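A.B. asks: Give me a 3D structure for the following:
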Amino acid sequence: MTELLLAATSLDVTPPPGHRLDGYAARAGVATSTADPLCATMIWLSSVDDPGVLWLTLDAIAVSSTLARELAEAAGAAAGIPPSHVVVSASHTHSGPSGWTGEIHPVIPAEQERSLVDSLVAALRGAQLTLQPVTASWRSVEVVGVGTNRHRRNGPHDNTAGILALHSLTGSLEAVLLDFACHPTTYGPENMRYSADWPGAARAALAPAVVGFLQGAAGDVSPRFTRQGRGAAEVTRLGTLLATRVRESLAGPGLELPQSVPAIRRTTLTLPVRNIPPANESEALVTAAEKLLTEAEQLATATEQLATTSAPSATAAGSITTASGPGATASEPGATTSAPSATAAGSSTTASGPGATASGPNGTASGPGALASGPGALASGPAAAASGAITRAAVDDPSGRISQTRLDGARGQALMAAANLPSALDLPVSAVTMGDVCWINLPVELFAVHGACLQSDSTHPITRVIGYTDGYYGYVVDPSAAQAGTYEALITFFDQPTTNQLLTETATFVNQ
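C.D. replies: As a prediction, this is how the structure comes out:
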């Protein structure tokens with residue numbers, strides 16, 4: 001029998017202060033300090049005669065295809081294996097440095113900082129990877145309350161976490177390869193500290209096991225409707241919630257996987273870039289979005305004034321009541337329906353359609369907080385500061401965030417119209433298989449319904465869809481978002497026929 005070997009380590013690769021943070025177009029300035037460490041985690045499964053697969057997960061907004069190749073070479077050198085056997089995935093934290101990758105999209109101009117890349121590469125090349133025999137098992141568990149669809153709370157969302165558990169022959173948990181779909185956006189654009197966000201908190205809560213985190217089909221999934229604040233305490237709460245469910249799952253039996261190393265196959269898909277509307281149309285859209293955001297802020301101001309009149313004691317204390325924006329959710333039609341996948345070992349997919357959406361074995365994941373604004377969302381202060389705080393409330397409220405991101409999208413499309421975009425893009429796609437489990441790796445931000453489609457079309461008993469891997473080529477949106485003109489739809493590189501091409505060609509490749 002082939003002996004399955006594991007080497008796993010997590011490296012603190014946090015840069016020093018003074019570098020720009022990535023993830024938000026509205027953010028200005030540079031990192032001032034570290035809230036929690038940014039890590040590069042390596043989980044390598046092999047045998048004495050097979051290089052297997054090494055997963056390299058990085059707390060970063062994304063990895064460009066160029067950076068991914070460089071990191072794969074460094075990690076491969078540390079392990080003594082070809083870089084083609086290394087999968088490089090970003091967690092998509094919005095509190096990492098832009099200097100690792102540079103500009104990943106015209107929406108957020110950035111420059112790659114060679115000193116940061118060299119430091120990261122050196123850390124990977126110097127990693128100590130000691131192999132030991134392990135057993136592998138698989139679990140999937142529903143996690144409610146970390147994230148939901150960020151356009152409407154009952155929209156499509158796969159709320160299951162996939163768990164590859166690796167135990168020593170004596171039974172100790174050595175490493176976990178964990179995937180879950182949700183934007184790590186607890187911290188907002190006002191945050192100026194490095195942070196892995198809630199994936200880092202989940203990793204810390206599962207210590208001492210080494211945890212590699214893979215981001216799923218999270219293009220339209222975030223904590224917008226579940227977060228109860230935007231600070232360190234909320235990062236810890238959300239990460240602990242996920243880690244607790246993982247531990248509960250690990251306490252029970254899992255699906256034992258064969259003692260064979262994972263295998264990887266790769267392909268490249270060439271996709272045409274959509275026709276971006278001309279600059280004058282994009283600028284008109286910006287003007288309209290600015291008007292909508294202003295109206296949201298005005299409504300928040302009126303709501304605050306009414307609340308102040310009704311509760312003078314709160315004003316006397318100098319506190320500011322959280323204001324909510326116009327409406328709890330965006331009214332966007334759900335036009336696409338995808339069949340749920342028949343996956344094994346508790347793995348589930350998302351069925352989407354107009355109205356209610358089934359997500360996971362027990363329905364839609366709706367968290368405890370109906371609104372993102374809540375205790376701690378606004379800082380109490382003198383009444384003179386109320387105007388600015390009310391504006392922040394309008395933006396932090398889910399409907400306010402939708403208005404703000406739509407404005408960001410309109411501005412982003414205007415930048416795309418002015419950019420010299422290529423006519424087509426080459427997307428690296430890979431499939432890693434281990435027993436009944438298949439991980440589909442793509443360099444895009446898939447919407448939840450796309451993850452469900454790929455799972456449904458897969459011939460593998462258990463299929464997990466991973467984004468932000470081996471490159472980055474932006475959002476891939478569903479027909480509902482395209483029709484509604486959401487933030488993601490405004491800045492995507494791909495139209496709907498090309499989206500269908502991506503899904504079809506990926507499914508065909510996976511099932512070969």
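
A.B. asks: So which residue is smack in the middle of this structure?
C.D. replies: residue 183 (3.7 Å; C-alpha atoms, centre = their mean).

A.B. asks: Now do the same contact list for that one.
C.D. replies: 92, 94, 147, 150, 218, 221-223 (C-beta atoms under 8 Å, 6 or more residues apart in numbering). Any C-beta I mention is one placed from the backbone N, CA and C, and that applies to glycine too.

A.B. asks: For it, what is the enclosing helix or strand?
C.D. replies: According to DSSP states H and E, residue 183 maps onto no helix or strand at all.

A.B. asks: What of residue 409?
C.D. replies: helix 398-418.

A.B. asks: Confirm that residue 177 sits in a strand.
C.D. replies: Yes - the assignment for residue 177 by DSSP: H, G, I helix; E, B strand; the rest coil puts it in a strand.

A.B. asks: and residue 269, how many residues sit next to it?
C.D. replies: Residue 269 has 16 neighbours, counted by other C-beta atoms under 10 Å.

A.B. asks: Quick check: nearest residue in space to it, chain neighbours excluded?
C.D. replies: residue 427 (4.7 Å; C-beta to C-beta, 6 or more residues apart in numbering).

A.B. asks: Next, that neighbour: secondary structure please.
C.D. replies: Going by three-state DSSP: residue 427 is strand.

A.B. asks: Check the contact between it and residue 443; I expect there is one.
C.D. replies: Yes - when contacts are counted by C-beta atoms under 8 Å, residue 427 is listed as touching residue 443 (5.5 Å).

A.B. asks: Now do the shared contacts for the two.
C.D. replies: 471, 473.

A.B. asks: Comparing these two, which residue is more hemmed in?
C.D. replies: Per other C-beta under 10 Å, whichever of residue 427 and residue 443 has more neighbours is residue 443, with 27 against 24.

A.B. asks: Mind pulling up the pLDDT for the more buried one?
C.D. replies: Note on residue 443: pLDDT of 98.

A.B. asks: if I pick it, what's in contact with it?
C.D. replies: So residue 443 contacts 65, 427-429, 467-473 (C-beta under 8 Å, 6+ apart).

A.B. asks: ok, which pair from the residues you listed is furthest apart?
C.D. replies: Longest distance between any two of the contacts of residue 443 is 14.0 Å, between 65 and 467; criterion C-beta to C-beta.

A.B. asks: The stretch 51-200 of the chain: helices as residue ranges?
C.D. replies: Secondary structure of the stretch 51-200 of the chain by DSSP state H, counting those that start in this stretch: the helices cover 65-79, 114-125, 197-205.

A.B. asks: Take the contacts of residue 183 and write them to CSV, including pLDDT, distance to residue 29 and neighbour count.
C.D. replies: Output for the contacts of residue 183, formatted as CSV (pLDDT from 0 to 100; distance: C-beta to C-beta, whole Å; neighbours: other C-beta atoms under 10 Å):
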residue, pLDDT, distance to residue 29, neighbour count
92, 98, 21, 26
94, 98, 15, 22
147, 97, 27, 28
150, 93, 25, 30
218, 98, 26, 27
221, 98, 28, 32
222, 97, 23, 27
223, 97, 23, 26
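
A.B. asks: And the residues you listed, which is closest to residue 120?
C.D. replies: residue 92 (16.9 Å).

A.B. asks: Contacts only, for the closest one.
C.D. replies: 60-62, 183-184, 215, 218, 445, 467-468.

A.B. asks: Just name the closest of the residues you listed to residue 157, please.
C.D. replies: residue 218 (9.1 Å).

A.B. asks: Might one say that that closest one is in contact with residue 181?
C.D. replies: Yes - using C-beta under 8 Å, residue 218 is in contact with residue 181, at 4.3 Å.

A.B. asks: Would you mind measuring from residue 502 to residue 276?
C.D. replies: 18 Å (C-beta to C-beta, to the nearest Å).

A.B. asks: Ok, residue 504 next?
C.D. replies: 24 Å.

A.B. asks: Settle it for me: which of the two has more neighbours?
C.D. replies: Higher neighbour count among residue 504 and residue 276: residue 276, with 20 against 12, using other C-beta under 10 Å.

A.B. asks: what touches both of residue 218 and residue 181?
C.D. replies: Joint contacts of residue 218 and residue 181 (C-beta under 8 Å, 6+ apart) are 147, 448.

A.B. asks: Below-threshold pLDDT in the stretch 301-450 of the chain: ranges please.
C.D. replies: Along the stretch 301-450 of the chain, the model assigns pLDDT under 70 to residues 308-402.

A.B. asks: that older thread, any chance of the helices of the stretch 51-200 of the chain in CSV, with distance to residue 143 too?
C.D. replies: Below are these laid out as CSV (distance: least, C-beta to C-beta, whole Å):
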stretch, distance to residue 143
helix 65-79, 28
helix 114-125, 30
helix 197-205, 10
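
A.B. asks: Give me whichever of these is most buried.
C.D. replies: helix 197-205 (a mean of 26; mean count of other C-beta atoms under 10 Å).

A.B. asks: what residues does that one touch?
C.D. replies: Contacts for helix 197-205 (C-beta under 8 Å, 6+ apart): 10, 36-39, 41, 59, 91, 93-95, 146, 178, 182, 184-187, 196, 211, 213, 215, 223, 235-236, 238-240, 242-244, 246.

A.B. asks: Just the buried subset of the residues you listed, please.
C.D. replies: 10, 36-39, 41, 59, 91, 93-95, 146, 178, 182, 184-187, 196, 211, 213, 215, 223, 235-236, 238-240, 242-243, 246 (16 or more other C-beta atoms under 10 Å).

A.B. asks: Okay, and which of those map to strands?
C.D. replies: Mapping the buried ones among the contacts of helix 197-205 onto strands (DSSP state E) picks out 10, 39, 41, 178, 211, 213, 215.

A.B. asks: between the residues you listed, which is nearest residue 497?
C.D. replies: Using C-beta to C-beta, those come closest to residue 497 at residue 215, 26.1 Å.

A.B. asks: For the closest one, give me its contacts.
C.D. replies: Listed by C-beta under 8 Å, 6+ apart, the contact set of residue 215 reads 89-92, 179-181, 184, 199, 466-468.

A.B. asks: repeat for residue 18
C.D. replies: Here residue 18 is in contact with 30-31 (criterion: C-beta under 8 Å, 6+ apart).
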